[in-house]
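Engineer: Mind looking at a prediction? Sequence and model below.
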Amino acid sequence: MSPFFVMFLLLGLIFGQTASLCAPSEYTIHVEKRECAYCLAINTTICAGFCMTRDSNGKKLLLKSALSQNVCTYKEMLYRTALIPGCPHHTIPYYSYPVAVSCKCGKCNTDYSDCVRERLRTNYCTKPQKLCNL
């Protein structure tokens, strides 16, 4: 390997995180329950953005710690609960959702994220809409 290539490789490993653009981003969740009369549009924040990823094609030449497949994920989050309007008394009218306080580039945690693929969900209302700004 040439010294020029090694220098760029080391700089990429050292400063890779500085090129990441992972931050809380505004997002609207649409929540419906079959029993309830309304759809609730909830404004929240999620973690979104670009994280520096290192290609594993060179995995035979590099240490495992030098290889990473990072995603933009929650560093700190809290949960809030909203009341879905127009629900009958026998239905639980509450919906809890995450709010990103801060984000980081790191390994995907399957406890609160779908790390494989985006879920097939519709993000729109089929019923009359109510807006929730908490």
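Structural biologist: The structure has been received and is ready for your questions.
Engineer: rest of the way, CA atoms for contacts and neighbours
Structural biologist: Fine.
Engineer: If we go by neighbour counts, what in the helix or strand hosting N43 is buried?
Structural biologist: Using DSSP states H and E, N43 maps to strand 39-50. By neighbour count on 16 or more other Cα atoms under 10 Å, the buried set for strand 39-50 is C39, L40, A41, I42, N43, T44, T45, I46, C47, A48, G49.
Engineer: Rebuild those residues as CSV, extending it with distance to T81.
Structural biologist: Shown next, in CSV, are the buried residues of strand 39-50 (distance: Cα to Cα, whole Å):
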residue, distance to T81
C39, 15
L40, 12
A41, 13
I42, 10
N43, 12
T44, 11
T45, 14
I46, 16
C47, 19
A48, 22
G49, 25
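Engineer: Name the residues of the helix or strand containing C105 that come out as buried.
Structural biologist: Using DSSP H and E, C105 sits in strand 94-106. By neighbour count on 16+ other Cα under 10 Å, the buried set for strand 94-106 is V99, A100, V101, S102, C103, K104, C105, G106.
Engineer: for the record, mean pLDDT for it?
Structural biologist: Mean pLDDT, strand 94-106: 93.
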